[in-house]
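Participant: Structure here, sequence nowhere to be found:
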């Protein structure tokens, strides 16, 4: 079988038609010495995919095939590849390249590289004019640093959403000290948040799920939460004043968000780290809001290669499983995914499967 | 000489008349077993004093005598006092009491005590109805924990401003790792900022002063700055992209402040800590602004007793001196201080002196 120079995938043409997917061939980037070709077997549906194709994050390079929670098989490795073996089951997440040379890249901060940032879809490969295309497709090609071996114990359709949502929750937990003796909150029980609860608990922290109503309480406890806070209830923050070491804010919207109450729950120099990127205008923050407990507010972007491998290892060892609803990839399944994601009607992630039924190559 | 039950001081009656000071007697809190009576010899004029009497921080308990950069002599110590000797030269800063029992108080975070926070002026002593009055006065009485022995090497009028402005700059520097190998910026070269530059350099950090124009460049270099950034100059942030470990924001106003440019200068997970409390409405912050480098935004409130003692020791050992203009305490000197502080016409702190000319007791 010849190596693919093209992949076949499902593209959206504009934000106005973001639920209409067109099956098309598109060109892959030129094959490099460190590249790996992957035949895709499954892909999670990330909130980013929906923000991107529906225009919520601003202008994009259409037509575009999204998807960056990719699991597949390495079918070809470049001559200088050492991290991946041909035939291995591997994953690709939301980033596919960085400069590799700067201070950040050399310090496991490659997801903060200020020199070159190639997202798995919608970014232009340097000197090629080729826009990267995601995992709602037959194949993907990228540098070995962004290709991750998948431990045997993790099922393909279950592990897929960990490649973006999982890592997005895991990195800020470990970078901000989640572990035994720490009280950690996870705001927003969606795709990222359900991993937040699962991983915070697995890392040994006292873990609280924080959601609007009590609707997800049973799920949260099943995921491992030690406690549950419903912010629709009067005085919800009072019992927790000055007690959280870390809260990971996974909320996908900042509408009606009373940040001051959340921050009042933080211990001195506690950390409030956002991983959601709401489409709204942002929040007004005064130094006065932060000074009562010297809280630190931050945001986190994906995670490093090392963190990805550690997270997969943790999941394998502890038997952690994403909560997944499978959808057959295709025009119909993708339309359903987009519409239900917009409505938050998913517990807690879709994985697209059945690639062999749709792609011949 | 009988011990004082009253102090005499200069009070303001309302924000509308904040430059008019009235010399009056007022009652001290009841003398407790851990209390120290201090005969005041000098007091710095803090930005907080002006914000408070002019109403910029909202409603206050008038009539009020402000001032919380106090140096004087301990003339009486309670029977259980162990930290202060009678006759010793001592200082009092912006806080005068906390619960002493909570997790924060027991962990050197007494300035973040969520149970009881008595500011040196304008707070009500529990169960007394007495509102604390500051250092524009003859005497002050408070708990030994908030009374600090002053090292011999530090002159009274020079050290006074360190008791609030100095500590406010020092605490976030040491809590956020300012030292050798770190690049630290100080935004706003005023009372707090001039200490920020001085202390960051004394702690061994590469120190940059950041100000609007070049007007204060010579001063900054004399204070110890390694470099100077003028934000009125086009492209000022570009050469420093992704390089600062820590910036202490001492700016007293957030008007026209382009936070995004400042944050672009922060290294990954660098920290932007505000110590000024501008009167304006605050800044809109989106997670998107923080995610490019995972920067942390925080604020800092004063500092602990231990940090106060360490700061005074550092100043004594390294011969660090506040830049002070002396003013004779009295109706006239205080009016001049308020008006010139409002205009930012001070380099970089007023100390009120000549207490013996004004108070007989």
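Facilitator: Arrived safely, thanks for sending. Note that the structure is predicted; figures quoted are calculated from it, not measured. Residues are numbered from 1 along each chain as shown, chains lettered A, B, ... in the order given.

Participant: And stretch A:31-39, end to end?
Facilitator: 15 Å (C-alpha to C-alpha, to the nearest Å).

Participant: how about it: buried residues?
Facilitator: For stretch A:31-39, the buried set under the neighbour-count rule, 16 or more other C-beta atoms under 10 Å in any protein chain shown, comprises A:32, A:34, A:35, A:36, A:37, A:38, A:39. C-beta here means a position set from N, CA and C on the backbone, and glycine is covered the same way.

Participant: again, but for stretch A:342-349
Facilitator: Quick answer for stretch A:342-349 (16+ other C-beta under 10 Å): A:346, A:348, A:349.

Participant: Now tabulate those residues in TSV and tack on pLDDT, secondary structure and distance to residue B:76.
Facilitator: Compiled in TSV, these are given as follows (pLDDT from 0 to 100; DSSP: H, G, I helix; E, B strand; the rest coil; distance: C-beta to C-beta, whole Å):
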residue	pLDDT	secondary structure	distance to residue B:76
A:346	94	coil	70
A:348	95	coil	66
A:349	96	strand	69
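
Participant: Break chain A into its domains for me.
Facilitator: Residue ranges for the domains of chain A, per the TED database: A:6-164+A:304-360, A:165-299.

Participant: Now the weakest link among these, please, by mean pLDDT.
Facilitator: Mean pLDDT per stretch puts domain A:165-299 lowest among these, at a mean of 93.

Participant: what's the span of that one, first residue to last?
Facilitator: 15 Å.

Participant: near chain B, anything from that domain?
Facilitator: Yes: shown here: domain A:165-299 in contact with chain B (C-beta under 8 Å from any C-beta of the partner chain) through A:175, A:241-242, A:249, A:268-269, A:271, A:274-278, A:281-299.

Participant: Give me the buried positions along stretch A:326-335.
Facilitator: For stretch A:326-335, by 16+ other C-beta under 10 Å, it's A:326, A:327, A:329, A:330, A:333, A:334.

Participant: how about the residues of the stretch 51-200 of chain A near chain B?
Facilitator: A:103, A:104, A:107, A:109, A:112, A:114, A:175.

Participant: Apply 10 Å and report the result again.
Facilitator: Residues of the stretch 51-200 of chain A found near chain B (C-beta under 10 Å from any C-beta of the partner chain) are A:57, A:102-104, A:107-109, A:111-115, A:117, A:171-172, A:175-176.

Participant: out of those, which are inside helices?
Facilitator: A:103, A:104, A:171, A:172, A:175 (DSSP state H).

Participant: Max pairwise distance over these: which two?
Facilitator: A:103 and A:172 (20.6 Å; C-beta to C-beta).

Participant: more neighbours, the two?
Facilitator: residue A:172 (26 against 15; other C-beta atoms under 10 Å in any protein chain shown).

Participant: quick one, what contacts the more buried one?
Facilitator: Shown in contact with residue A:172 (C-beta atoms under 10 Å, 6 or more residues apart in numbering or on different chains): A:178, A:196, A:246, A:248-250, A:271, A:273-275, A:298-303, A:307, B:294.

Participant: which residue sits closest to it in space, ignoring its chain neighbours?
Facilitator: residue A:300 (3.8 Å; C-beta to C-beta, 6 or more residues apart in numbering or on different chains).

Participant: Now do that neighbour against residue A:163, distance only.
Facilitator: 16 Å (C-beta to C-beta, to the nearest Å).

Participant: Run through the helices of the stretch 101-250 of chain A in chain order.
Facilitator: Ranges of helices in the stretch 101-250 of chain A, per DSSP state H, counting those that start in this stretch, are A:103-106, A:156-159, A:165-175, A:191-202, A:217-223.

Participant: Report all helices and strands that the first one contacts.
Facilitator: Secondary structure elements in contact with helix A:103-106, counted by 3 or more C-beta pairs under 10 Å, 6 or more residues apart in numbering or on different chains; DSSP states H and E, are strand B:266-274.

Participant: Who does the strand it packs on pair with, and is each partner parallel or antiparallel?
Facilitator: strand B:244-249 (parallel), strand B:296-299 (parallel) (DSSP bridges).

Participant: do you know which of the ones you listed lies nearest residue B:61?
Facilitator: Across the strands paired with strand B:266-274, closest to residue B:61 is strand B:296-299 (C-beta to C-beta), at 24.1 Å.

Participant: Quick check: buried residues in stretch A:52-61?
Facilitator: Quick answer for stretch A:52-61 (16+ other C-beta under 10 Å): A:52, A:53, A:54, A:56, A:60.

Participant: Columns secondary structure on top of the residues you listed, output as JSON lines?
Facilitator: Listed next are the buried residues of stretch A:52-61 as JSON lines, based on DSSP: H, G, I helix; E, B strand; the rest coil:
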{"residue": "A:52", "secondary structure": "helix"}
{"residue": "A:53", "secondary structure": "helix"}
{"residue": "A:54", "secondary structure": "coil"}
{"residue": "A:56", "secondary structure": "coil"}
{"residue": "A:60", "secondary structure": "coil"}
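
Participant: Which one of the residues you listed is nearest to chain B?
Facilitator: Sorting the buried residues of stretch A:52-61 by distance to chain B puts residue A:56 at the head of the list, at 11.8 Å, by C-beta to the nearest C-beta.

Participant: need the contact list for the residue lying closest to the closest one once chain neighbours are set aside.
Facilitator: Counting by C-beta to C-beta, 6+ apart, residue A:279 is the residue found nearest to residue A:56 once chain neighbours are left out, at 4.2 Å. Applying C-beta under 10 Å, 6+ apart, we find residue A:279 in contact with A:51, A:54, A:55, A:56, A:57, A:58, A:252, A:253, A:254, A:255, B:286, B:288.

Participant: helix, strand or coil for residue A:279?
Facilitator: Once three-state DSSP is applied, residue A:279 turns out coil.

Participant: Residue A:21: neighbour count?
Facilitator: So residue A:21, with other C-beta under 10 Å, has 26 neighbours.

Participant: Next, the contact list for the nearest residue to residue A:124 once chain neighbours are set aside, please.
Facilitator: Nearest residue to residue A:124 in three dimensions, chain neighbours excluded: residue A:131, at 5.4 Å (C-beta to C-beta, 6+ apart). If a contact means C-beta under 10 Å, 6+ apart, then residue A:131 has A:26-27, A:29, A:60-65, A:121-125 as its contacts.

Participant: Span of stretch A:12-29 from start to end?
Facilitator: 20 Å.

Participant: about what we covered before: distance to residue B:88 added to the domains of chain A, as CSV?
Facilitator: Converted to CSV, the domains of chain A look like this (distance: least, C-beta to C-beta, whole Å):
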stretch, distance to residue B:88
domain A:6-164+A:304-360, 49
domain A:165-299, 31
